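> Here is a sequence with its predicted model. Questions after.
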Amino acid sequence: DQQVKQNSPSLSVQEGRISILNCDYTNSMFDYFLWYKKYPAEGPTFLISISSIKDKNEDGRFTVFLNKSAKHLSLHIVPSQPGDSAVYFCAASALPTSGTYKYIFGTGTRLKVLA
Amino acid sequence: KAGVTQTPRYLIKTRGQQVTLSCSPISGHRSVSWYQQTPGQGLQFLFEYFSETQRNKGNFPGRFSGRQFSNSRSEMNVSTLELGDSALYLCASTDPRSTDTQYFGPGTRLTVL
């Protein structure tokens, strides 16, 4: 049972335009969401996060939106640059009763920004 | 600060064999998590170790095990390898000042023939 879903395996966007990557989740207990970017032959790198008490978090060209009622989050990249071409994973976690957060990842969306 | 390192980077094994992967976290990070990445399943959580104790566990069979040493280095072991174990195995260490952020290593690409 995939609790975190990224239904678009790939996305192509023209340089300078907006990239919108989507993520849906099923577990209403999730209260923290993250986006990671992954280049080939490298591990994922943290991009941006959002807590469930917010509906938007912005960091430079990257903005994450959270719609709790729809159990949906999205990552907006504006403007898109060729260097943004990578696989993007969204991840969700719930406040643990013990230990650190246990992250559930989506299957990833491959973004290609065309020059 | 050096990042998370994983060895080896690539590994080829045959069915039935066992394998041990190693992960060295960022200095000062005491929590190490392991993930399996496959094309269709994305990143799946295997387990997390903190101060030499397994603190969280994902839904993987007992063939997958791990341990952590006093210097926070961690090893993951897979016994009786199956073809479906072919994947990229990623290790991540957690910043103790910000438990929300994990730093990933480059991964070990395991191919089971």
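Sure thing, it's come through.

> contacts, neighbours, all on C-alpha from now
Noted.

> I'd assumed A:Lys71 was in contact with A:Ser28.
Yes. Counting by CA atoms under 8 Å, A:Ser28 does reach A:Lys71; the two are 7.5 Å apart.

> With neighbour numbers in mind, choose between those two.
A:Lys71 (15 against 11; other CA atoms under 10 Å in any protein chain shown).

> I'd assumed A:Thr26 was in contact with that one.
Yes. At 6.7 Å, A:Lys71 counts as touching A:Thr26 under the criterion of CA under 8 Å.

> For the residue most central in space within chain B, what are phi and psi?
Ranked by distance to the mean C-alpha position of chain B (CA atoms, centre = their mean), the top residue is B:Trp34 at 3.3 Å. Phi and psi for B:Trp34, reported as degrees, to the nearest 10, are phi -120, psi 140.

> any chance you could map the helices in chain B?
For chain B, no helices turn up when DSSP state H is the criterion.

> show me what contacts B:Leu46?
By CA atoms under 8 Å, 6 or more residues apart in numbering or on different chains, the contact set of B:Leu46 is B:Ser33, B:Trp34, B:Tyr35, B:Gln36, B:Lys57, B:Gly58, B:Asn59, B:Phe60, B:Phe64.

> so what's B:Tyr89 closest to, chain neighbours aside?
In space, and not counting its chain neighbours, B:Tyr89 is closest to B:Gln36: 4.6 Å by CA to CA, 6 or more residues apart in numbering or on different chains.

> Done for today, thanks.
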